[in-house]
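**Q** attaching a predicted model along with its sequence, questions to come.
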Amino acid sequence: MPRPDFPKNIFEFQTRFSSEEECLKFMIESRWPDGYHCPRCGYAEYYWKKERKLLQCKQCGYQASVTAGTVMHRSKMPLRAWFNAAYLVTTYTPGMSALQFQRQLGESSYKTAFNMLHKLRAGMVREGRDRLNGLVEVDETYIGGERPGKTGRGAAGKVIVAGAVDIRGKYANRVRLRVIPNVTQYTLTNFMKDNVEEGSTVRTDDWSGYNKLPTHGYLHEIDMELIHIHRVFALLKTWLLGTHHGAVKKQHLQAYLNEYVFRFNRRETPMAAFQTILGLGSQHLGPTYESLYGIAKGSPLAWVHPNPKGVRNGS
């Protein structure tokens, strides 16, 4: 049996998820699309423990939580708030800052909104996702403002982001982005192995860090334009500037990159992404507020300048 379908517009959404009971029903149908079977004994009948949102097996007594293993587990926020949050995050085209998110939810606590937003971002990354294939453009870009000193790939004080995009016809298809510590051959090769299938044709510029790609099973072409990945980088920086005002904590940047990738790869089906983020959330508990905000306290910001100097080829 397939998972439940998703609402096509805001009116369907508001009608369908108007109560906690409707949200719970959707969660159960999503997590057990073939009907509930006890994880311990396989029995198909259960008692519903409403207060704790538990399904208790009628045969062995095992209790399964509807929210266990999801970003909603042990949250004091009602499921309806989480569903509305997931809807806003996946369908609001420009994305949201934590402050905007707080206002939209009508939540008095910035801390709560911040934590919910990052937990949902954690649900955007699927373990073991398919690698890019076919014709793939790869390059790096630098997130950071203008600074004195060395320019280009040796620029100091900036965050390096590696990117790859596979091409279908004349258009970019899927994208992958990762914060990397440097642009050495070792680092770039590992990024490739994790994100691009062997046998693919990889286009890069003439940076020496890509010279050994053929020895790792890739067909390598030199292209100094790389228009698709450069466009992805330009849109990324525009998004960071417009939605997050160009400043994010360095240790949070990967989370923002994950959100951008999630949005980009589902740009044709934003409503389906609402269902996806809840399904993915069943595999991700998500970070705690302390791990996101407490550790980050006082750490430097990665300021995004609209036209940073020293970045080759406009990337």
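**A** Received the coordinates, thanks.
**Q** for residue 115, the count of nearby residues, please.
**A** Neighbour count for residue 115, taken as other C-beta atoms under 10 Å: 23. Glycine gets a C-beta too; all of them are placed from N, C-alpha and C.
**Q** my hunch is that it is in a helix, does that hold up?
**A** Yes - membership of residue 115 in a helix is supported by DSSP: H, G, I helix; E, B strand; the rest coil.
**Q** next one: it, what pLDDT does it get?
**A** With respect to pLDDT, residue 115 scores 88.
**Q** now the helices for the stretch 101-250 of the chain?
**A** Remark: helices assigned in the stretch 101-250 of the chain by DSSP state H, counting those that start in this stretch are 110-122, 185-195, 227-244.
**Q** ends of stretch 63-78, what's the gap?
**A** This stretch, stretch 63-78, spans 20 Å end to end (C-alpha to C-alpha, to the nearest Å).
**Q** just for the stretch 151-300 of the chain, where's the confidence low?
**A** Across the stretch 151-300 of the chain, the ranges flagged by pLDDT under 70 are 151-157, 244-247, 278-300.
**Q** before we move on, back to that, got the helices of the stretch 101-250 of the chain as TSV, with distance to residue 19 columns?
**A** Listed next are the helices of the stretch 101-250 of the chain as TSV, based on distance: least, C-beta to C-beta, whole Å:
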stretch	distance to residue 19
helix 110-122	20
helix 185-195	41
helix 227-244	31
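**Q** so which of these is the most packed in?
**A** Greatest average neighbour count among those goes to helix 110-122 (a mean of 21), per mean count of other C-beta atoms under 10 Å.
**Q** so what secondary structure elements neighbour that helix?
**A** helix 79-91, helix 98-105, helix 253-265, helix 270-281, helix 289 (3 or more C-beta pairs under 8 Å, 6 or more residues apart in numbering; DSSP states H and E).
**Q** nearest to residue 127, of these?
**A** Each of the helices and strands packed on helix 110-122 has some distance to residue 127 by C-beta to C-beta; the shortest is helix 270-281, at 9.3 Å.
**Q** which residues touch stretch 178-197?
**A** Residues outside stretch 178-197 that contact it (C-beta atoms under 8 Å, 6 or more residues apart in numbering) are 131-133, 136, 138, 140, 153, 159-164, 166, 176, 202, 207-213, 216, 218, 253-254, 257.
**Q** filter the residues you listed to the buried ones?
**A** 131-132, 136, 138, 140, 159-164, 166, 176, 202, 207, 209-210, 213, 218, 253-254, 257 (16 or more other C-beta atoms under 10 Å).
**Q** list the ones among these that fall in strands.
**A** Among the buried ones among the contacts of stretch 178-197, the ones falling in strands (DSSP state E) are 136, 138, 140, 159, 160, 161, 162, 163, 164, 166, 176, 202.
**Q** make sure the third one is actually in contact with residue 158.
**A** No - here residue 140 does not reach residue 158: they are 10.6 Å apart, not a contact under C-beta atoms under 8 Å.
**Q** thinking again about what came up before, adding distance to residue 189, write the helices and strands packed on helix 110-122 out as JSON lines.
**A** Conversion of the helices and strands packed on helix 110-122 to JSON lines gives the following (distance: least, C-beta to C-beta, whole Å):
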{"stretch": "helix 79-91", "distance to residue 189": "33"}
{"stretch": "helix 98-105", "distance to residue 189": "36"}
{"stretch": "helix 253-265", "distance to residue 189": "19"}
{"stretch": "helix 270-281", "distance to residue 189": "28"}
{"stretch": "helix 289", "distance to residue 189": "36"}
